[in-house]
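Enquirer: with the sequence up front, the predicted model follows.
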Amino acid sequence: MMDADEVEALFTRSDGSFAFARWGRPVAPVIFGVTDETLAVVKGALEAVMVLSGHQMLETDPELGSNMMVFFFSDWDELPQVPGLDRLVNDLVPLVGRLKEQEANQYRVFHFDGQGAIKACFVFLRMDEHLSAVPAETLALSQVVQSVLLWSDLAFRDRSPLAVSGEKTILRPDIAALIRAAYDPAIPSAATDPGLALRLAARVGLLQ
């Protein structure tokens, strides 16, 4: 069972600050750079996590059109060529430069509403040899899980949110319970007080 310290660690960033946020509006996704087969896999993972959380998924966001964009590509230099992306992601060119220097293969950008809840997320996946070797179902589920909440930048560095059950890759039961707890209407949509970890842990205990 996940205790309060473990929950707190999942939302405590490398600078020591605690930051929790969930989506404050229905998720309206669009996926770029994949085949129809992979598109169905990604949307299937999204639907599964939305059902788990009890959150909604819609075709269109009334303000943004799409508020969750997932990009699959082979080179970071492709991103600045995407029309209008520089208006959605601040300092896109310097960001791409840093990601190239780090040889990163993934990155997520979140936008927040006035209450601090997530209102948009942009997921960038550079399909290098490592990501290309990951089964589509595993990659899709991992990315959706990491986009459904504002996790710490250290949250899954040492341990994946996924687990293997037989021949299937599934969401770890403790992480699944935490996502469900995070979307409980009694929990605020955003918080910077680490005391929230106690409330989340208590709900996780009830769900597991």
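Expert: Structure's in. What do you need? Numbering: from 1, shown residues only.
Enquirer: center of this protein, which residue is that?
Expert: Nearest to the geometric centre of the chain sits residue 147, at 1.1 Å (Cα atoms, centre = their mean).
Enquirer: tell me the contacts of the closest residue to residue 92 other than its chain neighbours?
Expert: Of all residues not flanking residue 92 in the chain, residue 86 sits nearest, at 4.5 Å (Cβ to Cβ, 6 or more residues apart in numbering). (Each C-beta comes from the backbone N, C-alpha and C, glycine too.) Taking Cβ atoms under 8 Å, 6 or more residues apart in numbering, we find residue 86 in contact with 80, 92, 93.
Enquirer: try residue 41
Expert: Per Cβ under 8 Å, 6+ apart, neighbours of residue 41: 136, 137, 140.
Enquirer: nearest to residue 189 among those?
Expert: Nearest to residue 189, judged by Cβ to Cβ, of the contacts of residue 41 is residue 140 at 24.9 Å.
Enquirer: which secondary structure element contains that closest one?
Expert: Using DSSP states H and E, residue 140 maps to helix 136-148.
Enquirer: what's the average pLDDT for that helix?
Expert: Helix 136-148 shows a mean pLDDT of 95.
Enquirer: who are the packing partners of the helix or strand following that helix?
Expert: Once the chain leaves helix 136-148, the next helix or strand it forms, by DSSP H and E, is strand 162-165. Applying 3 or more Cβ pairs under 8 Å, 6 or more residues apart in numbering; DSSP states H and E, one finds that strand 162-165 contacts helix 136-148, strand 168-171.
Enquirer: deepest-packed of these, please.
Expert: Mean neighbour count (mean count of other Cβ atoms under 10 Å) peaks for helix 136-148 among those, with a mean of 21.
Enquirer: and that helix, what does it pack against?
Expert: Helix 136-148 packs on helix 36-53, strand 106-112, strand 118-126, strand 162-165, strand 168-171, helix 173-182, going by 3+ Cβ pairs under 8 Å, 6+ apart.
Enquirer: can you list those in a markdown table and add mean pLDDT and distance to residue 72?
Expert: Output for the helices and strands packed on helix 136-148, formatted as a markdown table (pLDDT from 0 to 100; distance: least, Cβ to Cβ, whole Å):
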| stretch | mean pLDDT | distance to residue 72 |
| --- | --- | --- |
| helix 36-53 | 93 | 8 |
| strand 106-112 | 96 | 10 |
| strand 118-126 | 97 | 5 |
| strand 162-165 | 87 | 19 |
| strand 168-171 | 89 | 19 |
| helix 173-182 | 96 | 24 |
